[in-house]
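# Fold the following for me, if possible:
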Amino acid sequence: MSVISNISSLINQYESVTSGSSTSSTSSSSSLSSILSQLSESSSDSTSNLLDELTGSSSSTDSSLEDEMASVFTSKTNALGEFYSYAKDLSSAAESLYSASEDSSTLSYDDISDFVTSYNNAVKYASQNSEYISSNDLSSMKENMESSKDSLSSIGITVKSDGTLSIDESTLKSSLSNDSSTVASTLKDIASSTKTSSENISSKSLSDYTSSYKQSLALAAKLNEVEAESDCLSKLLDTTI
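So this is what the prediction gives:
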């Protein structure tokens, strides 16, 4: 039985007693006290139980209610918000690299380094927050990078096993000096596909963020409703028994 249904059932019993259905005043008082105690106990536990019902997880007995609420309200929403920012940064860096690659004579080491940094930031953050961010969100982008690992390696960029990129500064700078057109051609294609992927990622993460925020607001409203009911029942118990 759900938390709300359980409380409703107890309230019905309370109303039955207070309506005078019991023949003995002593019995009635005893029944009323018992039911109010049940209501109070049910209400005191209802917030954490409701949290479990809405999130599908079990609240830790070692954590305070405030910690549980803070975790639900902030962790996922904040993670998705941060991921959206990383995805937008990557999209911007990819666009800049694409523009720089159109003219191999002006393509610089810093243009490439900035892109790699933004790419790694997004990949690392998603990995560190896999509880909230699906690995599928990055699969297309990482697959594109993996398929280009040989050409990237030839100019001084390595695709690592964790999906991040690393630069051999000496090799990359040498490639830029000796064969900038090849470097530009390789990176232009990668920048284009990465920009498309990162735009899709940022769009999805923004949608997920909005959904998570709305869920947090709904959860807060339900928790406030149960807390208010608990306060009322506690006061009733204090004044009746």
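# domain ranges for the chain?
Using automatic domain parsing, the domains assigned to the chain come out as 3-57, 73-215.
# Point out the most buried one among those.
Of the domains of the chain, the one with the most neighbours on average (mean count of other CB atoms under 10 Å) is domain 73-215, at a mean of 17. Every C-beta, even on glycine, is put in place using the N, C-alpha and C of the backbone.
# now the domains of the chain as TSV including mean pLDDT?
Formatted as TSV, the domains of the chain follow (pLDDT from 0 to 100):
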stretch	mean pLDDT
domain 3-57	49
domain 73-215	89
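# Assign residue 105 to one of the three secondary structure states.
coil (DSSP: H, G, I helix; E, B strand; the rest coil).
# Once you drop chain neighbours, what's closest to it?
Distances taken as CB to CB, 6 or more residues apart in numbering place residue 180 nearest to residue 105, at 6.7 Å, with adjacent residues excluded.
# I'd like the distance between the residue nearest to residue 86 when sequence neighbours are not counted and residue 175.
The shortest distance from residue 86 to any non-neighbouring residue, by CB to CB, 6+ apart, is to residue 122 (4.3 Å). For residue 122, the distance to residue 175 equals 25 Å [CB to CB, to the nearest Å].
# Kindly report the same for residue 108.
Applying CB to CB to residue 108 and residue 175 gives a distance of 12 Å.
# again, but for residue 160
In this view, residue 160 and residue 175 are 19 Å apart by CB to CB.
# Let me see the contact set for residue 146.
By CB atoms under 8 Å, 6 or more residues apart in numbering, the contact list for residue 146 reads residue 159.
# how close does it sit to residue 115?
On the measure of CB to CB, residue 146 and residue 115 end up 17 Å apart.
# Check residue 154 too.
In terms of CB to CB, residue 154 sits 17 Å off from residue 115.
# Please apply the same query to residue 82.
Per CB to CB, residue 82 is found 20 Å from residue 115.
# And for residue 206?
Residue 206 is 22 Å from residue 115, by CB to CB.
# Kindly report the same for residue 128.
Distance from residue 128 to residue 115, counting by CB to CB: 21 Å.
# outside of the helix or strand encompassing residue 166, which residues touch it?
Using DSSP states H and E, residue 166 sits in strand 165-167. With contact meaning CB under 8 Å, 6+ apart, strand 165-167 is reached by 112-113, 116, 119-120, 145, 152, 156-160.
# and if we set it to 7 Å?
Applying CB atoms under 7 Å, 6 or more residues apart in numbering, the contact partners of strand 165-167 are 113, 116, 119-120, 156-160.
# Just the ones in helices from these, please.
In this view, those that belong to helices under DSSP state H are 113, 116, 119-120.
# Thank you kindly, that will do.
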